[in-house]
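Engineer: A structural model of the following input is requested.
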Amino acid sequence: MDILKTKSEMQEWSRNKKKGSKTICFVPTMGYLHQGHISLMEKGKPLCDELVISIFVNPTQFGPNEDLDAYPSDIENDLALARKAGVTAVFLPDKKSIYPENFQTEIKLQYLPKFLCGKFRPVHFAGVAIVVTKLFNIVMPDIAIFGQKDYQQLQIIRQLILDLDFDIKIVAGDIIREKDGLAMSSRNAYLSNTQRVSALSLSKSLNLAKKLIARGEKNPVVIKNQIETFIGTFPETNIEYVSFCNPKTLEDIDQIENQVLLAIAVKLGKTRLIDNALIDHPSQ
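Structural biologist: All right, here's what the predicted structure looks like:
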């Protein structure tokens, strides 16, 4: 497994592979890897000749008072997990490599960031868009894997690919959960024991909504009210949003008639957790 720390090293590595007619699959990460990340690598491994991951905590996607400085890190463990997963190369740049002095370019999507997390993290998706664009240009993948847990991010990357004419196939990876249903996240490490129990309110709310929709409920407001009441019974929970929306546009819907995205964001102390599910109405 090659460890590449500069843009020029990574680009040269990718060019050499492509000269040999090798295809590249890419999984971008911010490190502190868990089984959710590993599942993306496992999904990508058979799709191409080479499997590359990046480990870079991107400062431009963190707003003021967010957890940039506290974001967990364990590079040695990350490298061990990557090696075990069959990763061919790890791109491990520093901040100055990605954002050199006098860096001044922005990439902003007009529409998709207006919804869900974008309402509460106004700089986040512009930061995601610029770092993903840069990583694509550096790694030069044929396929890139993104997890469905960050569903809005996934849709934004798909739009970015379309708008900027990247010749890259985007593949979605499933949400990976702990045995009790909690969606895996690097930020789960922040949770106290009490908060860890309260965090289950997100996945349990998704299951509650699935049951109500399966029984024929079509009014998202009715279900949303029940979910908000349910989450409120757990200690330390502070709901940011519970949204029923169109899976493609992320616009709120008035009636559940086709497949719907239910997305939830809850703060537990200083820890912000998200979860989602695509739910089909039984009338389909």
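
Engineer: roughly how far does residue 138 sit from residue 59?
Structural biologist: Between residue 138 and residue 59 the distance is 17 Å, computed by Cβ to Cβ, to the nearest Å. Using the backbone N, CA and C atoms, a C-beta is placed for each residue, glycine as well.

Engineer: who has more neighbours out of those two?
Structural biologist: residue 138 (24 against 14; other Cβ atoms under 10 Å).

Engineer: secondary structure element for the more buried one?
Structural biologist: For residue 138, the host element (DSSP states H and E) is helix 124-139.

Engineer: what about that helix, distance to the chain center?
Structural biologist: Taking Cα atoms, centre = their mean, to the nearest Å, the mean C-alpha location of helix 124-139 is offset from the chain mean by 13 Å.

Engineer: which residues touch that helix?
Structural biologist: Residues outside helix 124-139 that contact it (Cβ atoms under 8 Å, 6 or more residues apart in numbering): 7, 10-11, 14, 24, 26, 28, 52, 54, 56, 58-63, 91, 98, 105-109, 112-113, 117-118, 144, 152-153, 156-157, 160, 164, 166, 168.

Engineer: in that helix, what counts as buried?
Structural biologist: For helix 124-139, burial by neighbour count (16 or more other Cβ atoms under 10 Å) applies to 124-136, 138-139.

Engineer: ok, now stretch 243-262?
Structural biologist: 243-245, 247, 250, 253, 256, 260-262.

Engineer: and if you look at stretch 22-38?
Structural biologist: Buried residues in stretch 22-38 (16+ other Cβ under 10 Å): 24-34, 36-38.

Engineer: which parts of the stretch 51-200 of the chain are helices?
Structural biologist: Ranges of helices in the stretch 51-200 of the chain, per DSSP state H, counting those that start in this stretch, are 75-84, 95-98, 117-120, 124-139, 151-164, 193-198, 200-214.

Engineer: want to throw these into a markdown table with mean pLDDT and distance to residue 180?
Structural biologist: Shown next, in a markdown table, are the helices of the stretch 51-200 of the chain (pLDDT from 0 to 100; distance: least, Cβ to Cβ, whole Å):
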| stretch | mean pLDDT | distance to residue 180 |
| --- | --- | --- |
| helix 75-84 | 98 | 22 |
| helix 95-98 | 96 | 36 |
| helix 117-120 | 96 | 24 |
| helix 124-139 | 98 | 28 |
| helix 151-164 | 98 | 21 |
| helix 193-198 | 97 | 9 |
| helix 200-214 | 97 | 6 |
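
Engineer: and those helices, which is most packed in?
Structural biologist: Most buried of those, by mean neighbour count (mean count of other Cβ atoms under 10 Å): helix 124-139, with a mean of 21.

Engineer: quick check: angle from that helix to helix 151-164?
Structural biologist: 60 degrees (axes from the mean of the first three to the mean of the last three Cα atoms, to 10 degrees).

Engineer: could you dump helix 124-139 to PDB, C-alpha only?
Structural biologist: Output in PDB follows, covering the C-alpha atoms of helix 124-139 (Å, rounded to 0.1, in the frame of the first residue of the first chain):
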ATOM      1  CA  HIS A 124     -20.500  23.300   4.600                       C
ATOM      2  CA  PHE A 125     -21.500  22.200   1.100                       C
ATOM      3  CA  ALA A 126     -19.400  24.900  -0.600                       C
ATOM      4  CA  GLY A 127     -16.500  23.500   1.300                       C
ATOM      5  CA  VAL A 128     -17.400  19.900   0.300                       C
ATOM      6  CA  ALA A 129     -17.800  20.900  -3.400                       C
ATOM      7  CA  ILE A 130     -14.300  22.500  -3.600                       C
ATOM      8  CA  VAL A 131     -12.400  19.800  -1.800                       C
ATOM      9  CA  VAL A 132     -14.100  17.000  -3.700                       C
ATOM     10  CA  THR A 133     -13.400  18.800  -7.000                       C
ATOM     11  CA  LYS A 134      -9.800  19.100  -6.000                       C
ATOM     12  CA  LEU A 135      -9.500  15.500  -4.900                       C
ATOM     13  CA  PHE A 136     -11.100  14.300  -8.200                       C
ATOM     14  CA  ASN A 137      -8.500  16.400 -10.100                       C
ATOM     15  CA  ILE A 138      -5.600  15.000  -8.000                       C
ATOM     16  CA  VAL A 139      -6.600  11.300  -7.800                       C
END
